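>>> Generate coordinates for the sequence data below:
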Amino acid sequence: MRVGIISVFSDYHRRGRHHRGFLQPQIGPLIAALLPPDARCEVINDTWTDPDWTRDYDLLFLSCLHSDFDRTRQISHYWRRRGAKTVLGGPMATLYPELCQPFFDVVVCGDPETTVPRIFDDFSRNALRPRYRSRATPRHAPPTPRFELLAAQQVATQSMEVTRGCPFSCRFCTLTGVGTRFLTRDLDDVCRDLCASALAARRSWSPLKRRFAAFYDNNLGGSLPYLKAFCAAIEPFGLWWASCVTFNVICHEELVATMSRSGCRYLFVGLESFNEETLEAMSKRQNVVRKVREAIDRCHRHGILVASGLMLSPGNDTLAYIESIPQRLAECGLVMPSYVAFETPFPGTPHFNDLVRSGHPKLLANALLQDFNGYTLVTEPRHMSATEFVDAYKRLHRRVYCIGRASWKAAMDGFSLLRGGSIFSPLAAMYESLFDWQPLPAHRTFITGTELPYPESRSVPLADADFDSEAQRAAIMNPWRVSDPRGEVLPMWKKTEATQPSPIELNRPSKVDAALSLTIR
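Residues are numbered from 1 along each chain as shown. This is a model prediction of the structure:
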């Protein structure tokens, strides 16, 4: 049986390019591991490469974010017309299963561990059901992901998920929308998987792939005691490693030192904003603006490079605040963030539901679902017009992302990190500062409803014969809207089922752990 597993991607910068950076989807190897050994699995990260349209699949698993859903519908239709059964998972499937259902044979609400085996068994018996929900099970060891299937589509072959979810409830986050939870795995299983990923990495000529590991957790520090135990468990591997944590983690001197000793060399931390009002509206209570400089300096002393992104809030940020960001970046030591994006009300999140209830901030007219990606403005700014807000964003981008500032950051971070005794971190800082940014595309307006179509919107090779009617063609090919011409949220987005995913493990942090996770010293 031939099984395809595609993580769908549309370039949110509208350049029509793949994203062959460190950040790659990891769900494919896990789904493959949940299938029988004799299933012939092919994993495609659409971020890295296009699907091979000549392939024939019996069963096709698809996952996507909100902004990729238009392309995902087209991919599903393409292979359904060629005999495959298609399965959709991810936040759109979990939050809006009733909207997704007509375009896929199966919609999955929740996690794959208890759903994928059932789907495969039912498919083998020709008894597929239209919807599957994850369910609670006794604590168990998930299978080792099939790392070899994705090794050629990864910068870091040794990549995996250690924990799942986040204990915080940021209102803009899709994790909060699907249900706040934080799950951990047995550390023996983590070490087992690291050994397996090391075998895959040894086939590479690259010293980086053999020595470097990336843990693609939403928040590896969701439980501070677990993070300490994790560091002790992986230290003997002698790896350099990177992950994502929340700001409270890097406020602990002892914990940062422990992470450094275990090989941590790179952390992505969600700072989001220097505006206290914006952080409060986001429910980003773990962030303390006045401690940012101290926290970054602490990490640098221990040889850990800190990266972070910023979001501009249409509902809170003023022109004066946006103009002050370059100076604030310099003062806190970050200098250049990994990105500057727009705070976006992803459908199904608390932020979106607040907007539906209150009407503020209002969506822009004819807001497209594909533009809910953080890099296109979809909400009406409170303190200025949409055009003025975007102009301020462009000026900020030009001031922050320039060769002079990049050289300054590379030199400053490199010198600071070398004092921490690390060689990997200064090299990573140099690469990120000098090579991992690009000017804004000149053709873009950055306002939903006024942009050129995404290059990917017509790249699936569907022919006239693939459609039974013009109505079906429109349903598959036309981009979905979230608002009407007045900016009102369309009714289809206002009603969702209660689709909280069930935890697949009972290894939750205790109340004591949860309290420690929130502590900022």
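>>> contacts and neighbour counts: CA atoms only from here.
Noted.
>>> which stretch of helix or strand covers Leu23?
Secondary structure assignment for Leu23, by DSSP states H and E: no helix or strand.
>>> Make sure Asn218 is actually in contact with Gly165.
Yes: here Asn218 reaches Gly165: they are 5.9 Å apart, a contact under Cα atoms under 8 Å.
>>> Is Ala341 part of a helix or strand, or is it coil?
Three-state assignment for Ala341 (DSSP: H, G, I helix; E, B strand; the rest coil): strand.
>>> could you pull out the strands for the stretch 251-400 of the chain?
264-269, 305-307, 309-312, 339-342 (DSSP state E, counting those that start in this stretch).
>>> Centre of the chain to the first one, how far?
Averaged C-alpha coordinates place strand 264-269 at 16 Å from its chain's average position (Cα atoms, centre = their mean, to the nearest Å).
>>> Okay, now the sheet partners of it, with direction.
strand 240-245 (parallel), strand 305-307 (parallel) (DSSP bridges).
>>> Report the mean per-residue pLDDT for the shortest one.
When pLDDT is averaged along strand 305-307, the result is 95.
>>> And for that strand, what's in contact with it?
Under the contact criterion Cα atoms under 8 Å, 6 or more residues apart in numbering, strand 305-307 has outside partners 265-269, 296, 299-300, 334, 337-338, 413, 417, 425-426, 428-429.
>>> per-residue confidence at the spatially closest residue to Leu175 that is not a sequence neighbour?
Excluding its sequence neighbours, the residue lying closest to Leu175 (Cα to Cα, 6 or more residues apart in numbering) is Gly165, at 6.6 Å. Note on Gly165: pLDDT of 92.
>>> do you know how far Gly165 is from Phe182?
5 Å (Cα to Cα, to the nearest Å).
>>> thought Leu267 was touching His300?
No: using Cα under 8 Å, Leu267 is not in contact with His300, being 10.8 Å away.
>>> which one of those two has more residues nearby?
Neighbour totals were compared for Leu267 and His300, and His300 leads with 27 against 19 (other Cα atoms under 10 Å).
>>> Which residue, other than its chain neighbours, is closest to that one?
Using Cα to Cα, 6+ apart, the nearest residue to His300 is Leu417, at 5.2 Å.
>>> List the contacts of the one you found.
Applying Cα under 8 Å, 6+ apart, the residues contacting Leu417 are 300-305, 423, 425-426.
>>> Tell me, how many residues neighbour Asp354?
Residues lying near Asp354 (other Cα under 10 Å) number 14.
>>> same thing with the one 3 residues further on?
Arg357 sits with 9 neighbouring residues when counted by other Cα under 10 Å.
>>> which stretches of the stretch 351-500 of the chain have low pLDDT?
Residue ranges of the stretch 351-500 of the chain with pLDDT under 70: 495-500.
>>> Show me where it has its helices.
Taking DSSP state H, counting those that start in this stretch as the test, the helices found in the stretch 351-500 of the chain are 386-400, 403-419, 424-435, 470-477.
>>> Not counting the shortest one itself, show me its contacts.
Helix 470-477 has contacts (Cα under 8 Å, 6+ apart) with 70, 73-74, 77, 457, 467.
>>> Test my guess that Gln101 contacts Leu95.
No: with contact defined as Cα under 8 Å, Gln101 and Leu95 do not form a contacting pair (11.8 Å).
>>> which one of those two has more residues nearby?
Leu95 (26 against 17).
>>> For that one, give its distance to Val106.
Leu95 is 15 Å from Val106, where distance means Cα to Cα.
>>> tell me the contacts of Ser433?
If a contact means Cα under 8 Å, 6+ apart, then Ser433 has 336, 406-407, 409-410 as its contacts.
>>> Quick check on these: which are buried?
Buried residues within the contacts of Ser433, counting neighbours by 16 or more other Cα atoms under 10 Å: 336, 406, 409-410.
>>> among these, which two are most distant?
Checked with Cα to Cα, the buried ones among the contacts of Ser433 reach their widest spread between Met336 and Ala410, with 9.7 Å between them.
>>> picking that back up, of all the contacts of Ser433, which comes closest to Ala152?
Nearest to Ala152 among the contacts of Ser433 is Ala410, at 29.3 Å by Cα to Cα.
>>> and the closest residue in space to the closest one that isn't next to it in sequence, how many neighbours?
Distance criterion Cα to Cα, 6+ apart; nearest residue to Ala410, sequence neighbours excluded, is Met430 at 4.8 Å. Neighbour count for Met430, taken as other Cα under 10 Å: 19.
>>> if I pick Met430, what's in contact with it?
410-411, 413-414.
>>> Also Thr448?
The contact partners of Thr448, by Cα under 8 Å, 6+ apart, come to 364-368, 371, 376-378.
>>> swap in Ala429?
Neighbouring residues of Ala429 by Cα under 8 Å, 6+ apart: 305, 410, 413-414.
>>> Please enumerate the helices of the stretch 201-350 of the chain.
Counting by DSSP H, counting those that start in this stretch, the segments of the stretch 201-350 of the chain that form helices are 207-211, 224-234, 253-261, 276-282, 292-301, 319-332, 350-358.
>>> Out of the ones you listed, flag the one nearest Phe435.
Phe435 lies closest to helix 207-211 among the helices of the stretch 201-350 of the chain, at 17.6 Å (Cα to Cα).
>>> got the CA coordinates for the closest one in CSV?
Provided in CSV are the C-alpha atoms of helix 207-211 (Å, rounded to 0.1, in the frame of the first residue of the first chain):
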residue,chain,number,x,y,z
PRO,A,207,29.5,17.7,10.7
LEU,A,208,26.6,20.0,11.5
LYS,A,209,24.0,17.3,10.9
ARG,A,210,26.0,14.8,13.0
ARG,A,211,26.5,17.1,15.9
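>>> That one packs against which elements?
When contacts are defined as 3 or more Cα pairs under 8 Å, 6 or more residues apart in numbering; DSSP states H and E, helix 207-211 packs onto helix 187-201.
>>> And Thr318, how close does it get to Gly222?
For Thr318, the distance to Gly222 - Cα to Cα - is 32 Å.
>>> who's more crowded, those two?
Taking other Cα under 10 Å, Thr318 and Gly222 do not tie; Gly222 has more neighbours (30 against 18).
>>> quick one: Ser241 from Gly303, how far?
Quick fix: residue 241 reads Trp, not Ser. Using Cα to Cα, we find Trp241 at a distance of 12 Å from Gly303.
>>> Just the residues contacting stretch 364-377, thanks.
12-13, 66-70, 341-346, 378-380, 386, 390, 446-449, 479-488.
>>> Which entries within the contacts of Leu417 meet the buried criterion?
Buried members of those, counted by 16+ other Cα under 10 Å: 300-305, 425-426.
>>> Confirm that Ser159 sits in a helix.
No: assessed with three-state DSSP, Ser159 is strand; it does not lie in a helix.
>>> how much space is there between it and Trp240?
To Trp240, Ser159 is 12 Å away according to Cα to Cα.
>>> Identify the residues contacting Leu239.
Listed by Cα under 8 Å, 6+ apart, the contact set of Leu239 reads 211-213, 262-263.
>>> cool, and Ala411?
Ala411 sits next to Met430 when contact means Cα under 8 Å, 6+ apart.
>>> One more pass at 10 Å, please.
405, 417, 426, 429-430, 433 (Cα atoms under 10 Å, 6 or more residues apart in numbering).
>>> Tell me which two in those residues are the farthest apart.
Arg405 and Leu417 (17.9 Å).
>>> thinking again about what came up before, out of the contacts of helix 470-477, which comes closest to Leu30?
Distance to Leu30 across the contacts of helix 470-477 (Cα to Cα) is lowest for Arg73, with 22.7 Å.
>>> Would you confirm that Gln153 contacts Pro29?
No: the pair Gln153 / Pro29 is not scored as a contact, 11.4 Å apart, by Cα atoms under 10 Å.
>>> Columns distance to Pro441 on top of the contacts of Ser433, output as CSV?
As requested, the contacts of Ser433 are exported to CSV (distance: Cα to Cα, whole Å):
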residue, distance to Pro441
Met336, 19
Ala406, 19
Ser407, 22
Lys409, 23
Ala410, 24
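>>> what about the closest residue to Ser273 other than its chain neighbours, neighbour count?
Once flanking residues are discounted, Ser273 sits nearest to Leu310: 5.6 Å by Cα to Cα, 6+ apart. Applying other Cα under 10 Å, we find 19 other residues in the vicinity of Leu310.
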